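Q: Okay, here's the prediction I keep looking at, along with the sequence it came from:
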Amino acid sequence: MKEMKGKLLRPNFHVHAEEGWINDPNGLVYFNGRYHAFYQHYPNDVHWGPMHWGHVVSDDLVHWERLPIALYPGDEGDKNGCFSGSAIVWQDKLWVLYTGFTENEGGETIRQIQCLASSQDGVHFEKHGIVIGEDNLPEAYCPWDFRDPKVWRKDGYFWCVVAVRAKGGRGRILLYRSEDLFSWTFINDVFGEDCPGMMIECPDYLDEKGLLLFGEQFSPQEGKTHLNVHTTRWCVGALNYQTGRFEEKNRGIVDYGFDFYAPQTFAGSDVMMGWLQMWDRNIPSEKYGFAGMLTLARKLEVVREELHQTPVIQGETVKEAVDVKSIVDDAKIGVLRIQAKNLRSLRLALRKKGESQAELALKDGEFIFDRSKVGEEITGVEKDEDSLNGIRRMPFSGRENVELTVVMDEFSVEIFENGKVLSSTIYPDQDATEICLTVDAQECVYRRESLK
């Protein structure tokens, strides 16, 4: 395993496994004075395997402390995996509702059902078994594709949305209600029709904002801004608790980059994290002994019926320049903030070393991110021209005063502008650290922040 100066090469401030595989964030919650993040984890290999719940805690959503694995598979309902789920604090205890997986003979004999566990201290969990089983699932839906419950409390009841696939159809989201977390009643299919993709995963609902989030597997391509075969959507509207239907006003995609999936918000909060990776791609970090990481925490708002995201991060300013036309800097980890008035064009090279670089360019009203020239090649199942050329695009706001925020870590970049985000993994040489910025604007301020 490759090391860097005696230290394992790992992300600096993105949640990851010290060893092994991770995917979806689970059970995001503030409990006993700390933020808890659980995640899908297989500790024994750098590939997906029998799912456990890994566990980290934080005081600031940036620096994370690793705790022991919280849930292991092998009990009633979760013999072959503890799949994704969510958390809620009730009666001074931490409760997690998660999907138990039993493989059986595969195919339609697989069973995915919803299980409950609780903890007094937020570290050690007692399992309570199956609480939403096959008997609670209407006949029209597949018990072999029924997963990822997100729970919340409203008007004296617990509610949860669960992803499912319709028999002979595609992905759906179901709504359930409970008085005690143990006994659940099916309410309705929140859309009442198939989604464009084959299967929905990881639904999440923020009641106060009328914001519904969900992943969608095997989605059809939509123009040049929705190219990932697995994507993540947002819908703005309102959940009608009487009918169990979601009344939609607007929708879009959560992240414009290569690598984002399975978002979840912290219980009772408007802060979200996602999986900073994508299915059906190679993951070069496998050779370092880990695969997968979570995104930076992001604060969510709904602005004019559009999802608006800002990074939850603040560093210490270590370099600042005003009236910038071009500037060269040196860093591979930290936060770049570029404030520009009447921005006409921009070109930003990151992790540059000779001809190798990741590049962000503003051209013809859109940001174009190119990772084809930086480090190790990353390929997926997408065969469109942009994907084959290492390109992703994000709309430009065109505002008079623009603030572009770029968050860089050892193997990733997350780019924010006017509430939109583009996230990508990158695997450059470790000594590729140069930053080059060229701007055409009336005014421009460049600031770089370090993270301790």
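A: Perfect, I can see it now.

Q: The spatially most central residue of the chain in helix, strand or coil?
A: The geometric centre of the chain, computed from its C-alpha atoms, lies nearest to Gly274 (Cα atoms, centre = their mean), at 1.3 Å. Classification of Gly274 using DSSP: H, G, I helix; E, B strand; the rest coil returns strand.

Q: shouldn't it be in contact with Ala262?
A: Yes - counting by Cβ atoms under 8 Å, a contact exists between Gly274 and Ala262, whose distance comes to 5.9 Å. The C-beta positions use only the backbone N, C-alpha and C, and glycine is treated the same way.

Q: what residues do those two have in common as contacts?
A: Here Gly274 and Ala262 have 25, 232 as joint contacts, going by Cβ atoms under 8 Å, 6 or more residues apart in numbering.

Q: elements contacting the one helix or strand Val56 maps to?
A: Element membership of Val56, judged by DSSP states H and E, is strand 52-58. Secondary-structure packing of strand 52-58 (3 or more Cβ pairs under 8 Å, 6 or more residues apart in numbering; DSSP states H and E): strand 20-31, strand 34-42, strand 64-71.

Q: any weak-confidence spans in this structure?
A: Counting by pLDDT under 70, the ranges of the chain that qualify are 1-7.

Q: which strand in it runs the most residues?
A: Using DSSP state E, we find that the single longest strand of the chain is strand 141-154.

Q: Which strands border whichever helix or strand comes after that strand, and is each parallel or antiparallel?
A: Under the assignment DSSP H and E, the closest C-terminal helix or strand after strand 141-154 is strand 157-166. As defined by DSSP bridges, the strand partners of strand 157-166 come to strand 141-154 (antiparallel), strand 171-178 (antiparallel).

Q: re earlier: okay, the angle between the strand holding Val56 and strand 64-71?
A: With axes from the mean of the first three to the mean of the last three Cα atoms, to 10 degrees defining the directions, strand 52-58 sits at 150 degrees from strand 64-71.

Q: relative to strand 20-31, how tilted is strand 52-58?
A: Strand 52-58 and strand 20-31 are oriented at 50 degrees to each other (the same axes, to 10 degrees).

Q: hmm, who's touching strand 52-58?
A: Under the contact criterion Cβ under 8 Å, 6+ apart, strand 52-58 has outside partners 15, 17, 22, 26-27, 34-43, 64-73, 82, 96, 98, 122-123.

Q: try it again with 7 Å
A: Outside strand 52-58, the residues that touch it by Cβ atoms under 7 Å, 6 or more residues apart in numbering are 15, 17, 22, 26, 34-39, 41-43, 64-73, 82.

Q: Over to stretch 231-243?
A: The contact list for stretch 231-243 (Cβ under 7 Å, 6+ apart) reads 188, 190, 205, 207, 210-216, 219, 246-255, 260-261, 263, 302, 305, 307.

Q: follow-up on the earlier one: the helices and strands packed on strand 52-58: which one's closest to Ile378?
A: Nearest of those to Ile378, taken as Cβ to Cβ: strand 20-31 at 16.5 Å.

Q: picking that back up, what subset of the contacts of strand 52-58 is buried?
A: 15, 17, 22, 26, 35-39, 41-43, 64, 70-71, 73, 82 (16 or more other Cβ atoms under 10 Å).

Q: Can I take it that Asp135 is in a strand?
A: No - counting by three-state DSSP, Asp135 is located in no strand; its state is helix.

Q: Neighbours of it, how many?
A: The criterion is other Cβ atoms under 10 Å. On that basis, Asp135 has 8 neighbouring residues.

Q: Look up how far Leu174 lies from it.
A: With distances defined as Cβ to Cβ, to the nearest Å, the gap from Asp135 to Leu174 amounts to 14 Å.

Q: go on, Gly215?
A: The gap separating Gly215 from Leu174 is 15 Å, by Cβ to Cβ.

Q: out of those two, which sits in the more crowded spot?
A: Here Gly215 and Leu174 are compared on neighbour count by other Cβ under 10 Å; more neighbours surround Gly215, at 29 against 25.

Q: Contact partners for that one?
A: Contact criterion Cβ under 7 Å, 6+ apart gives 200-202, 230, 232, 261-262 as the residues in contact with Gly215.

Q: tell me which element the nearest residue to it once chain neighbours are set aside falls in.
A: In space, Gly215 comes closest to Glu201 once its chain neighbours are excluded; the distance is 4.1 Å by Cβ to Cβ, 6 or more residues apart in numbering. Taking DSSP H and E as the definition, Glu201 sits inside strand 199-206.

Q: Against which helices or strands is that strand packed?
A: Using 3 or more Cβ pairs under 7 Å, 6 or more residues apart in numbering; DSSP states H and E, the elements in contact with strand 199-206 are strand 141-154, strand 157-166, strand 171-178, strand 211-217, strand 261-265.

Q: please redo it, this time with the cut-off set to 8 Å
A: Checking 3+ Cβ pairs under 8 Å, 6+ apart, strand 199-206 ends up next to strand 81-90, strand 141-154, strand 157-166, strand 171-178, strand 211-217, strand 261-265.

Q: What lies in contact with that strand?
A: Contacts of strand 199-206 with the rest of the structure, by Cβ under 8 Å, 6+ apart, involve 24, 84, 86, 145, 147-148, 150, 152, 161-165, 170-173, 211-218, 239, 261-265, 270, 272, 300.

Q: Okay then, goodbye and thanks.
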